[in-house]
Every structure is written in C-alpha cells, then in structure tokens.
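Chemist: output the structure for:
(one chain, ligands or ions: 1)
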Amino acid sequence: MIIAIDGPAGAGKSTIAKLLAQKLGFLYIDTGAMYRALALKAIESGIDIKDAVSVVKMAAASDVDLVNNPGGGALEVFLDGRDVSQEIRQPRVSRVVSDVAKIKEVRQILVKLQRRLGSQKDSVLDGRDIGTIVFPGADKKFYIDAQFDERVMRRYKELTGLGQAVTLEEVKNDLCNRDTIDSTREHSPLKRADDAIYIDTTKMTIDEEVETLLQWIKR
Ligand code: CDP
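Modeler: Predicted coordinates:
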C-alpha cells in the first residue's frame, strides 16, 4: 500500500507522515530529505547550483539512503554513508534545495530511488510530486495545506527548537521563496493531484491531523 502526502513547505507533512507510518507499521520515505542531501553535497563540494550539468553529475555519483529506526524513532538520512540527518535542516541547505530540485535529471535520479524504496514495502511518502508523478496510482493521496503565517510559525518553532538561530523574517523568506520555485518550476511542480484529499491543518493539532488521515485511510 502506498500513501502519498504532498503540500507546500512547513505544512507539517513530515510530522504527520512519520506518525502515520509508525501507527500503520509502514516505511516512511521523506523525499524532501533526499533533495536536501544532494543540496548539502553540492554546497560542501563547492558546486555552483546554477551549473546544472555539474549538479547532475554529482547527483549521479551520490549515494542517498534513508533508514527508518525500528523503534519508530527519527528517520536517518545518509549521504555517501555519512549520517547527515541534522545538517540537511540547516538554513544554508534550505536556501538552495529548491534550485537543486528543479533540475529534471536530478529528479529522475531521486524518483527512481523513491519508487524502488516504495515498491519494496507498504510506505508513506511525503513530498511535492508523490501523488502526481512518483506514485500516481497511490492507494491514498493527501494534499496537506495550512495558511502561510501558520506554516511560518510552525517552522520557526521547529528550527529554534533544534537550537538554530533563525529569525521569523528569515523563515518567512525561505518558505515564500521555496513555495514560489516549487510550484512554478517546469518539471513536476507542486500541485494537488485531482484525486488527492485536501486537508487544511491551520487550526488542527498534530493528533487531529493524524486521526483525520487515519479515518480517510480506513474508509
Ligand atoms: O521544508 P519542508 O519540510 O517543507 O521541505 P522538504 O520536504 O524537506 O523539501 C525540501 C525541498 O525539496 C522542497 O522545497 C522542494 O524544492 C524539494 N522537493 C521536491 O522537489 N520534491 C519532493 N518530492 C520533495 C521535496
């Protein structure tokens, strides 16, 4: 069974997807983490993000892997065998990830990996193009949304909770910038699949969100 969760930045997709996967005993595939891992590698390798040829070459020679902890703990993200779970959340990665993710060949490489992982086991995937491109035949599709100011606030609390020194203004700019690039890019833009269930989580608690999705899944 495949559950697809798409939506804009900071809508809480990862939180819900992870909890849902835990409750159902499914694999959790954070596709955004994969794009973030490649963006981190480009930064560390000093590759110009605008140089698509070099970014694609780098992506093709990279090993990105996701490891679900059996106890349902945090998801670990590995880049060429190194645990980069923390680093990929840094603002320097968020700033460039959408420019990496808009490159067609980078998407082809990661989509292939996402399909391979998802075909091995019942999975919950979250991202931007899961219901439209990665698994258009998913058993259940959700589009998770929330008002912009609420998304900014949630992300701000999440990052400051991780000890990052970010301002509200920076978080606002990051989400606004990524939403624009993600939804206007040429290849696989963020878009609600016609058959995706739309859920506005602005006024919902995390428990309510998970419960709502579970109800839809059981139907
Ligand atoms: O910050 P947030 O958790 O909302 O984003 P993310 O899921 O970590 O994804 C980071 C970035 O990766 C997005 O802004 C997109 O540019 C890109 N992405 C994508 O293009 N396609 C996906 N399936 C997942 C993420």
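Chemist: nearest spatial neighbour of the residue nearest to the spatial centre of the chain, skipping sequence neighbours?
Modeler: In the chain, the C-alpha closest to the average C-alpha coordinate belongs to residue 32, at a distance of 2.8 Å (Cα atoms, centre = their mean). Distances taken as Cβ to Cβ, 6 or more residues apart in numbering put residue 127 closest to residue 32, at 5.7 Å, once the chain neighbours are dropped. Just so you know, the C-beta spots here come from the backbone N, C-alpha and C atoms, and that holds for glycine as well.
Chemist: tell me what the one you found is bridged to.
Modeler: residue 6 (DSSP bridges).
Chemist: could you list every residue that touches it?
Modeler: With contact taken as Cβ atoms under 8 Å, 6 or more residues apart in numbering, residue 127 is in contact with 5, 6, 13, 30, 31, 32, 114, 134.
Chemist: for these, which one is nearest the ligand?
Modeler: If you rank those by distance to the ligand using Cβ to the nearest ligand atom, residue 32 comes first, at 2.1 Å.
Chemist: can you give the contact residues for whichever strand or helix holds residue 15?
Modeler: With secondary structure defined by DSSP states H and E, residue 15 is part of helix 13-24. Counting by Cβ under 8 Å, 6+ apart, helix 13-24 makes contact with 3, 5-7, 26-28, 30, 32, 68, 72, 75, 122-127, 144, 201, 206, 209-210, 213-214, 217, all of which sit outside it.
Chemist: is the ligand contacted by that helix?
Modeler: Yes - Helix 13-24 comes into contact with the ligand (Cβ under 6 Å from any ligand atom), by way of residue 14.
Chemist: same check on stretch 69-85?
Modeler: No - for stretch 69-85, no contact with the ligand is found by Cβ under 6 Å from any ligand atom; the gap never falls below 10.2 Å.
Chemist: ok now do residue 124, which residues does it touch?
Modeler: With contact set as Cβ under 8 Å, 6+ apart, residue 124 has these partners: 3, 5, 17, 18, 20, 21, 24, 26, 27, 28, 29.
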